[in-house]
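Visitor: Give the three-dimensional model of this entry:
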Amino acid sequence: MAVEVGGGIRAYAVGGREVLESYPIDAMCDGGHGAVLIPWPNRLADGAYTFDGVARQLPVDEIDKNNANHGLLRWRSWRCLDHRDDAVVLGIRLHPMPGYPFTLDVRVTYALRPDGLVVTTTATNAGTAALPYACGHHPYLSPGAGGVDTATLTLDAASWIDVDNPRRLPTGTHPVDGGPLDFRTARPIAEQVIDVPFTDLSRDADGRARARLTGADGATVELWADPGYPIIQIFTGDTLRPDRARRGLACEPMTAPPNALATGDGLIRLEPGEAVTTRWGARLR
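Guide: Numbers count the residues shown, from 1 in each chain. Here you go, the predicted structure:
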């Protein structure tokens, strides 16, 4: 079920079993549940970046860390462009604003297919100048009634990006190599606290990277991401309010790492009229 505010997905269940952890229909979205993270995912240090030689300043909304977080579309109203029994298409135009003086059209399609939910995001530069772009989504995989602590995670990622500092900004990339962040074979999460981007993702013949969360009920939720998403952030939800914390596992496909707007790492340059499309999906196995 998609929502107007933020253009994200509020709920997805199969046969009464949640695939993506939901939030109440009359509640404000908490913890980025299902949000669309454009034109950058994760954190931007000081809200500052330089593009084509011009320094820009965006509003800082993560005050305690002095970061701009998760883009500019989370709290804006999106339009329903199409609605069918098996799909909904949401769209928005991001008009030029201080700090991001560019025109960006975004369409997100949430479609139900025989093999599960497919989310297709297309961003088009509708302006007259090149613009910087990155994208992410913030679904929470549902472990069922037992919560994250009773679930098992599988994520075939060879490396993790170190953000273990007060501002949660990248300081380097490290191999998982049998350490506490090595989920290449299924491991219980238990009480482990995780808020880390993973990269060097293994992919199948279709180019899809996959994460799997198996709950205490034996059901497995799988998220896949196409090659446009080289990073998957895993977050155990510890900073949510007590009645919401660690109920779902955020599994966030991202086209670029944290602070990409400032560093340029993984950043996409969109020329006028140019578009980029990425896909991810989820299913109950």
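Visitor: Name the residues that touch stretch 85-93?
Guide: 2, 4, 7, 73, 76-83, 103-113, 126 (C-beta atoms under 8 Å, 6 or more residues apart in numbering). (Each C-beta comes from the backbone N, C-alpha and C, glycine too.)
Visitor: err, stretch 53-72, not the other one
Guide: Residues from elsewhere that reach stretch 53-72 (C-beta under 8 Å, 6+ apart): 32, 35-50, 94, 97-101, 136, 138, 166-169.
Visitor: now the end-to-end length of it.
Guide: With C-alpha to C-alpha, to the nearest Å as the measure, the first residue of stretch 53-72 is 22 Å from its last.
Visitor: Over to stretch 222-230?
Guide: End to end - C-alpha to C-alpha - stretch 222-230 spans 17 Å.
Visitor: Return the set of buried residues in it.
Guide: 222, 223, 224, 225, 226, 228, 229, 230 (16 or more other C-beta atoms under 10 Å).
Visitor: same check, this time on stretch 204-216
Guide: Under 16+ other C-beta under 10 Å, the buried positions of stretch 204-216 are 208, 209, 210, 211, 212, 213, 214, 215.
Visitor: Can you give me the first-to-last residue distance of it?
Guide: Across stretch 204-216, the terminal residues are separated by 27 Å (C-alpha to C-alpha).
Visitor: Contacts for that stretch, please.
Guide: Applying C-beta under 8 Å, 6+ apart, the contact partners of stretch 204-216 are 141-146, 150-157, 186, 201-203, 220-227, 229, 232, 234, 249, 251, 285.
Visitor: Now it: average pLDDT?
Guide: The average pLDDT for stretch 204-216 rounds to 97.
Visitor: Then stretch 50-59?
Guide: On average, stretch 50-59 scores 98.
Visitor: what about it, distance to the chain center?
Guide: Relative to the chain's own centre, stretch 50-59 is displaced by 24 Å; criterion: C-alpha atoms, centre = their mean, to the nearest Å.
Visitor: Now it: buried residues?
Guide: 51, 56, 58.
Visitor: for these, which one is nearest residue 265?
Guide: residue 51 (13.7 Å; C-beta to C-beta).
Visitor: so the closest one touches residue 129, yeah?
Guide: No - taking C-beta atoms under 8 Å as the definition, residue 51 is not a contact partner of residue 129, at 9.7 Å.
Visitor: before we move on, back to that, buried subset of the contacts of stretch 204-216 as a ChimeraX selection?
Guide: The buried residues among the contacts of stretch 204-216 can be selected in ChimeraX (16+ other C-beta under 10 Å) with this line:
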select :141,142,143,144,150,151,152,153,154,155,156,157,201,220,221,222,223,224,225,226,229,232,234,249,251
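Visitor: Which of the contacts of stretch 204-216 fall in strands?
Guide: When those are checked against strands (DSSP state E), the matches are 141, 152-155, 157, 201, 220-225, 232, 234, 249, 251.
Visitor: still on that earlier bit, can I get the buried residues of stretch 204-216 in TSV including secondary structure and distance to residue 118?
Guide: Formatted as TSV, those follow (DSSP: H, G, I helix; E, B strand; the rest coil; distance: C-beta to C-beta, whole Å):
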residue	secondary structure	distance to residue 118
208	coil	11
209	strand	15
210	strand	14
211	strand	16
212	strand	17
213	strand	19
214	strand	22
215	coil	22
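Visitor: Format those residues as JSON lines; extra columns: distance to residue 13.
Guide: JSON lines is the format used below for these (distance: C-beta to C-beta, whole Å):
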{"residue": "208", "distance to residue 13": "22"}
{"residue": "209", "distance to residue 13": "24"}
{"residue": "210", "distance to residue 13": "20"}
{"residue": "211", "distance to residue 13": "19"}
{"residue": "212", "distance to residue 13": "18"}
{"residue": "213", "distance to residue 13": "15"}
{"residue": "214", "distance to residue 13": "17"}
{"residue": "215", "distance to residue 13": "13"}
